[in-house]
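J.: Quick one: sequence and predicted model below, then my questions.
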Protein chains: 2
Amino acid sequence: MSHALITYFKQISHLSESSEEALKALIHTQSIPKNQDLQHIGQTCKTLYFLKSGLARIYYFHDGNDVTEGFYEPFCLIARAESLFAGVPSKKAIQVLEDAEVWSISTKDLFGLYDTHRDIERLFTRLFEGAYVQTIQRIENLQFHSADERYQLLAQEQPEVLRRVPLKYIASYLGITQVSLSRIRAKKS
Amino acid sequence: MSHALITYFKQISHLSESSEEALKALIHTQSIPKNQDLQHIGQTCKTLYFLKSGLARIYYFHDGNDVTEGFYEPFCLIARAESLFAGVPSKKAIQVLEDAEVWSISTKDLFGLYDTHRDIERLFTRLFEGAYVQTIQRIENLQFHSADERYQLLAQEQPEVLRRVPLKYIASYLGITQVSLSRIRAKKS
DNA sequence: AAGTTAATTTAACATTTGATAAATATATTA
DNA sequence: TAATATATTTATCAAATGTTAAATTAACTT
């Protein structure tokens, strides 16, 4: 029986039959209702998530304000890498924005497979490299584009987010206030 | 004879005697004069750099303007990861800001050691994880701090940069104009 | 050292974005 | 459906940052 997540993994990096089975055994599936946290602020990141359906965000509080760090669509690796790799509690939470089906993998279990299954190690190294590259590109975006341009870029890269996510979450992701975002949208139409 | 870079590596992650030797054999040393590019725009990243002395930056052009992406001090991994991991030419260059001694390692040679020297693979995975974590933290900084706050943060984290780097490079790193930066500094004193 | 170039500061004004509050629209619940 | 809570837009004014140009300072060259 093929597993959609494993199928996706195999597009990223080759997996042996045995690695495929070993990895499949680690994947848990959960249903999470809209607006619920998948991981809370203060927990150390020890689980990797992938959405089967729905939409999620990572958020934190800055001076009491809710700030969205990123939006995540199905099959995209969701993890708080700054906590995972530093081994410290995360100031960020993962929240599901719609009723969602979620796949999760314990990092402890996963890393335990690295010694005997190098292809699995390679796969996840690749996934994290991809996430790293996206993070670099996001800096370019934040560093030298106006709020307006950042909005256009989001519209290009994650159009679903604009359609399905409340503006208040989008505004902080773009680094502006809701009011500013509302103005930017008003100019378009 | 101990090699300063290897000594640094061993603080990050354990290396066997043989890995230490294999790695040492890959390290090249060069002297680069002030303001010279170590890698040019358009080249695909195939070399990792570490400064023995001096100071460097990664920069690119946005709408004809020189934008500094980051500053690098001795022993810090310098690479254009978005090019290395995607295998595409980089829009960014690496420039030395002072006369510098540079260690370099070919990624092809390095990756060739991964199969036989897992501790080397682990070491570099760690180095890139560290760079990734820093990139995430930089986003937090850019996303919700004023120009003033971003300047203070740089002063805390890389005070040497403020002392030794021309303001024009610092301004674009902070995502503001030179004139704005000058104003911010004027307020302090 | 004088002359030249480059870097930094200052000033004046324009534009963008923030803050606050009120008005409107949309979604949720009894 | 009515009532209530949430989300979004609009308006006004204040603050931050951008743009351009000129003045000053520092660095480099002959």
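T.: Nice, thanks for sending it over.

J.: Would the single longest helix found in chain A count as contacting chain B?
T.: In chain A, ranked by residue count with DSSP state H as the criterion, the top helix is helix A:118-144. Yes. Helix A:118-144 is in contact with chain B by Cβ under 8 Å from any Cβ of the partner chain, via A:125, A:128-133, A:135-140, A:142-144. Bear in mind the C-beta positions are built from the backbone N, C-alpha and C, glycine included.

J.: May I see the buried residues of that helix?
T.: A:118-125, A:127-129, A:131-133, A:135-136, A:138-144 (16 or more other Cβ atoms under 10 Å in any protein chain shown).

J.: wait, does that helix make contact with DNA strand C?
T.: No. Helix A:118-144 lies out of reach of DNA strand C by Cβ under 7 Å from any atom of the strand, never closer than 11.4 Å.

J.: At the contact with DNA strand D, which residues of chain A appear?
T.: Counting by Cβ under 7 Å from any atom of the strand, chain A sits next to DNA strand D at A:166, A:167, A:168, A:178, A:179, A:181, A:182, A:183, A:185, A:186.

J.: Which one (most neighbours) among the residues you listed?
T.: Ranked by neighbour count (other Cβ atoms under 10 Å in any protein chain shown), the residues of chain A next to DNA strand D have residue A:181 at the top, with 21 neighbours.

J.: can you give me how far the worst-scoring helix or strand of chain A on mean pLDDT is from the chain middle?
T.: One helix or strand of chain A scores below all others by mean pLDDT, DSSP states H and E: helix A:178-188, with a mean of 91. With Cα atoms, centre = their mean, to the nearest Å as the basis, helix A:178-188 stands 26 Å off its chain's centre.

J.: helices and strands around that helix, which ones?
T.: On a contact count with 3 or more Cβ pairs under 8 Å, 6 or more residues apart in numbering or on different chains; DSSP states H and E, helix A:178-188 meets helix A:147-157, helix A:167-174.

J.: Highest mean neighbour count out of the ones you listed?
T.: Across the helices and strands packed on helix A:178-188, averaging neighbours per residue (mean count of other Cβ atoms under 10 Å in any protein chain shown) puts helix A:167-174 on top, at a mean of 20.

J.: Which other helices and strands does that one contact?
T.: Judged by 3+ Cβ pairs under 8 Å, 6+ apart, helix A:167-174 is in contact with strand A:56-62, strand A:65-72, helix A:147-157, helix A:178-188.
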